[in-house]
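Engineer: make a model of this:
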Amino acid sequence: MVTGRANVWSNFSYGSRIDTPKGCLLNAEGSSLIFFEKCKKSPHNNIKIFTHIFYTNHLGEPAGFKSSSQMRLDEAWERWHELQEHGWTEVSHNFG
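Structural biologist: Residues are numbered from 1 along each chain as shown. This is a model prediction of the structure:
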């Protein structure tokens, strides 16, 4: 071990982070919603997230289905933050 460097071994357990993006983001124009939800059958060490995109009506409510996709947890967090950086805002909607 080299002195002065951080010890790379830690008590971190891969897959212990189970916080997931969940909820709904509305785009700045109010024309699309994207729902994020955890895939209930994914193992803790390989969490998958479903996203469901909807067109919206003039009230910002889901009006038509556009698409769904599945991604890894890290990709979902990246997407969540990227959308917020582009003006998408978190809104409250019951999905399912």
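Engineer: can you give me the strands in this structure?
Structural biologist: According to DSSP state E, the chain carries its strands in the segments 23-26, 32-38, 48-56, 62-72, 89-91.
Engineer: pairing partners for the third one, with directions?
Structural biologist: What it means is strand 48-56. strand 32-38 (antiparallel), strand 62-72 (antiparallel) (DSSP bridges).
Engineer: follow-up on the earlier one: quick one: closest of the strands of the chain to Leu83.
Structural biologist: Nearest of the strands of the chain to Leu83, taken as C-beta to C-beta: strand 23-26 at 5.3 Å. Using the backbone N, CA and C atoms, a C-beta is placed for each residue, glycine as well.
Engineer: and the closest one, what does it pack onto?
Structural biologist: Judged by 3 or more C-beta pairs under 8 Å, 6 or more residues apart in numbering; DSSP states H and E, the packing partners of strand 23-26 are strand 32-38, helix 73-85, strand 89-91.
Engineer: deepest in the core, which of those is it.
Structural biologist: strand 32-38 (a mean of 19; mean count of other C-beta atoms under 10 Å).
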